[in-house]
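the following comprises the amino acid sequence and a computationally predicted model.
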Amino acid sequence: MNIAHRFHTRSRAGFALAELAVSMAIFLAICGAMFLLLNSSQKHYDTQTKLLGSFQDARLGVDEIVRDAENSGYPPQNQFALGVNALAASAYTNSPVAWSPNYPTTACLIGTAGGGTCTTPGDFDAIFEEATDTTGIVKWIRYQLVGTTLFRGVVTKVAGDPSGPTTAAGVLLPYVTNVVNNVSAAQRAQYVADYPNMFPGGVAQPVFQYYCDGAANTAPVLCQNAGAYNSPVNVRDIEINLIVLASQNDQQTQKPRLVQLQGRGHRVNPNQ
Amino acid sequence: MKSHGTCVSHERQQAGVATLIAIFILLLISAVALALVAASDSETSLASNYRSSTRAYYAGIAGLEEARGRLLQGNPNWLGAFVPSPLAVNQVRYILNPATGETVAPTALTTAGTYPDNEYTTEFGVPVTSTTVQTTASTSTIAGVQGPTYKWVRINAITEKSIGKDVDGNGVIDTTTPLYYDSAHVTASGASEPSLVLTGASGTAMQALELTALAVTPDGSEKLVQYVVAPLSLGLNFGSPLTLAGPNVALNPASSNSYYVNGQDGQGNPGTVSGCATNPSTSLPAIGVTSTSNISAIQSSISRTSHYTGGGLADPSVGDVSSTMNANLETPSGLSTVIQQIQDNADLVYTPPSGQAATQSNLPSDMSATNPKTVVIDGDFTMSGTFTGYGLLVVTGNFTYAGNDGWKGIILVVGKGTTTFLGSGGGNNEFDGAIFAATIYDSNGNLLPSLGNVNFDINGGGGNGVYYNSCWINQAQKPPSYKILSYHETPYKD
């Protein structure tokens, strides 16, 4: 009686072939629908992940540039009673932003879109002067956009023009990739169509814009509009604008995905 | 019984399908949900990190600015004697800003979670616990609303050791001498380069202080930011006790036998300024002008010639002092800038009713020798009876006194049309410090392109003379601001 009862119970507790067939059929139908949905979501997710990666790289880049701009000009010359002529070049800063040519004797004029007399600073090139650690040794920190790669290099400040030392082999290293602020006109046209607000006027967009101190009690103005105050030594604020292309096109539309990040670094250290 | 058995079997068959489908679908939904949560998390965390870091930076700057602002005497929450001048190297002050229910103890160097200040050890080579520490509360929390999330701001003197720089270039890093900022420093090579110096206080050298703020956001971002600041001097130096600036000066000098104008530092009965000694070897022309053409006319108008002495000049002592004055005092635009700067930081700016002059009753009642005031009277001013004022007085109209009146400090009378300094004499008080009179506006109040004419008229007897006094001049010039000499961010090690 007990054995017969147990056998009867086990056979009823399992699943019949029909049960499995029905449930599998329903499951497969739901799975099919789900995978269609997931496939679309996966493409979207992939695109967003790549975009997020680009966003993160650019964000870190902008953060570092802003921090370098804020610390630029440290230590200022006012910390040395001996007079700067008696000091090593790496002991003090001549200017928050180094320039070329004629550094440090004659300051150049900052321009945009090829204007001005500075080869650096420019729309895609900036060299900050500052002591970055507790040693107090002043470094040149250069950011330079070459093609679609923003390079960063750090080198100890020496006497003379900063162009050579900051571009010596091994100094500049890739920092943010796929920066499309200054791509070819044909390539830019493709981006302008999809992101017109990122490229006002359809032209290349400066990575760096410089604001110079003017007369007392006036707000800094774009250096190229600052008249007699247009000089790297008067740079007070730097606006940073990075337009970065995600490493993968949108999987659904196959269009390029761009992300734009902006920041503004304000120098607190005094003019030299 | 049979039918019951069939019913049970049918129900169980249905229950089996439902259970299987439910399990499969739950698995699917869980997988999708986990993927979505993971994606969402990375995005949230990225945005949050950036926001937190920026928040910490601005909180740190807010701490520095609170301290910088509260160093100024004009600030309603002025730190006053909490930060004595000078501040010794072994004296450290903290402004604490704990969140509700939080303990902030920068000197508890081994207590985790109380924001210890190990940066001091890095800078000075000794722990902050080896110094004399005082603390005060932040004023950033208003009406119970928490302000910026900085934890503390340290205020201390600096040395070559603490800033890690051989300021005087002698090859030795000094660990004990406090640094000052000399706005008129000239290097050994003769170059004019305002800078930190080790030479102590002077007329142009003021103590430099370091402000260090630690900001920590609720989600753990930390920033340690530093200013080196020094009080900005108004830079009002005078070439004589009585300066009458302008192309044409009309002088009607006092006829009293007890009236003197003396350019030697500290003459008369000036009283004492705590912590300051005058220098009798400093001697300036009794009356200073900015146009040599006025000298002979002024000299010829003085009858008691021996009462106008100083500067090594023959009596009556009248000289051109334009080369020794602050350049801003020589032009209407420069004077206008100076007055604006004074006005921005004045204890009182008072505009008398139209057609009336302000009187001493309009001045701050707590003005005293130890509490000099900066006052701007936008109009005429009249002192009468028996009154002594202390500090820096700017009058943008005419100045009149009568009786036992005097002033210890600086009087700038910078008016309209023809500025008139009128004294009725009759008293026995005196003016110690410096008086400067010029006209910078036309009669309609428009700024002139160059200085206008001045009328200085003292009639009647009395001894309300004018005596040059460098101590009262310095005492009157409260710094209008603390200049930021340098800024940098440094890593925080707790």
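Thanks, I have it.

now chain A, which segments are flagged as low pLDDT?
A:1-14, A:216-217 (pLDDT under 70).

longest strand in it, by residue count?
Longest strand in chain A, counting residues (DSSP state E): strand A:235-245.

and stretch B:214-224, anywhere near chain A?
No - for stretch B:214-224 and chain A, the contact criterion (C-beta under 8 Å from any C-beta of the partner chain) is not met; the two come no nearer than 10.1 Å. Where C-beta positions appear, they are placed from N, C-alpha and C, glycine not excepted.

can you give me the end-to-end span of that stretch?
End-to-end distance for stretch B:214-224, by C-alpha to C-alpha, to the nearest Å: 5 Å.

residues contacting B:Pro364?
B:Asp347, B:Leu348, B:Lys373, B:Val375 (C-beta atoms under 8 Å, 6 or more residues apart in numbering or on different chains).

let me know the secondary structure of B:Tyr227.
strand (DSSP: H, G, I helix; E, B strand; the rest coil).

which helix or strand contains the closest residue to it other than its chain neighbours?
The spatial neighbour of B:Tyr227 that comes closest, neighbours along the chain excluded (C-beta to C-beta, 6 or more residues apart in numbering or on different chains), is B:Leu211 at 4.5 Å. Assessed by DSSP states H and E, B:Leu211 sits inside strand B:209-216.

circling back: the longest strand of chain A: what's the following helix or strand?
Following strand A:235-245 toward the C-terminus (DSSP H and E): strand A:258-266.

re the thing from before, and the residue nearest to B:Tyr227, what are its bridge partners?
B:Ile155, B:Tyr227 (DSSP bridges).

please report the distance of the residue nearest to B:Ser443 when sequence neighbours are not counted from B:Thr382.
Spatial nearest neighbour of B:Ser443, chain neighbours left out: B:Gly417 (4.0 Å); criterion: C-beta to C-beta, 6+ apart. Per C-beta to C-beta, to the nearest Å, B:Gly417 is found 17 Å from B:Thr382.

who has more neighbours out of these two?
Counted by other C-beta atoms under 10 Å in any protein chain shown, B:Gly417 and B:Thr382 do not tie: B:Thr382 has more neighbours, with 20 against 16.

within range of chain B, give me the residues from the stretch 101-250 of chain A.
A:Glu130, A:Ala131, A:Thr134, A:Thr135, A:Gly136, A:Ala216.

need the residues you listed in JSON lines with distance to B:Ser256, secondary structure and neighbour count, can you?
Compiled in JSON lines, these are given as follows (distance: C-beta to C-beta, whole Å; DSSP: H, G, I helix; E, B strand; the rest coil; neighbours: other C-beta atoms under 10 Å in any protein chain shown):
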{"residue": "A:Glu130", "distance to B:Ser256": "64", "secondary structure": "strand", "neighbour count": "23"}
{"residue": "A:Ala131", "distance to B:Ser256": "63", "secondary structure": "strand", "neighbour count": "22"}
{"residue": "A:Thr134", "distance to B:Ser256": "66", "secondary structure": "coil", "neighbour count": "11"}
{"residue": "A:Thr135", "distance to B:Ser256": "68", "secondary structure": "coil", "neighbour count": "11"}
{"residue": "A:Gly136", "distance to B:Ser256": "63", "secondary structure": "coil", "neighbour count": "18"}
{"residue": "A:Ala216", "distance to B:Ser256": "44", "secondary structure": "coil", "neighbour count": "7"}
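
Serialize those residues to CSV and add fields for distance to A:Arg67.
Output for those, formatted as CSV (distance: C-beta to C-beta, whole Å):
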residue, distance to A:Arg67
A:Glu130, 10
A:Ala131, 13
A:Thr134, 16
A:Thr135, 18
A:Gly136, 18
A:Ala216, 28
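
specify which member of those residues is nearest to B:Asn328.
A:Ala216 (11.5 Å; C-beta to C-beta).

now the strands for the stretch 201-350 of chain B?
For the stretch 201-350 of chain B, the strands defined by DSSP state E, counting those that start in this stretch cover B:205-207, B:209-216, B:222-232, B:242-244, B:249-252, B:261-262, B:287-289, B:308-309, B:318-320, B:348-350.

try the stretch 351-494 of chain B
B:358-359, B:373-377, B:381-395, B:399-416, B:419-426, B:431-441, B:454-458, B:466-468, B:481-490.

tell me the pLDDT of B:Gly391.
Looking at B:Gly391, its pLDDT is 94.

if you could redo that for B:Thr331, that was the one I meant.
For B:Thr331, pLDDT reads 91.

can you tell me the helix or strand for A:Val66?
Element membership for A:Val66 (DSSP H and E) is helix A:17-71.

tell me the gap between that helix and the middle of its chain.
24 Å (C-alpha atoms, centre = their mean, to the nearest Å).

what's that helix packed up against?
Where contact means 3 or more C-beta pairs under 8 Å, 6 or more residues apart in numbering or on different chains; DSSP states H and E, helix A:17-71 is packed against strand A:125-131, strand A:173-176, strand A:235-245, strand A:258-266, helix B:2-70, strand B:481-490.

how close does the spatially closest residue to B:Leu79 that is not a sequence neighbour get to chain A?
Residue nearest to B:Leu79 in three dimensions, not counting chain neighbours: B:Arg70, with 4.8 Å by C-beta to C-beta, 6+ apart. Using C-beta to the nearest C-beta, to the nearest Å, B:Arg70 is found at 19 Å from chain A.

which residues touch B:Arg70?
B:Asn77, B:Trp78, B:Leu79, B:Ile95, B:Thr139.

mind doing that once more with 7 Å?
B:Asn77, B:Trp78, B:Leu79 (C-beta atoms under 7 Å, 6 or more residues apart in numbering or on different chains).

return the members of the residues you listed classed as buried.
Buried by 16 or more other C-beta atoms under 10 Å in any protein chain shown: B:Leu79, out of the contacts of B:Arg70.

closest to chain A out of the contacts of B:Arg70?
Closest approach to chain A among those (C-beta to the nearest C-beta): B:Leu79, at 21.6 Å.

my guess is the closest one contacts B:Gln73, does it?
No - in this structure B:Leu79 lies outside contact range of B:Gln73 using C-beta atoms under 7 Å: 9.4 Å.
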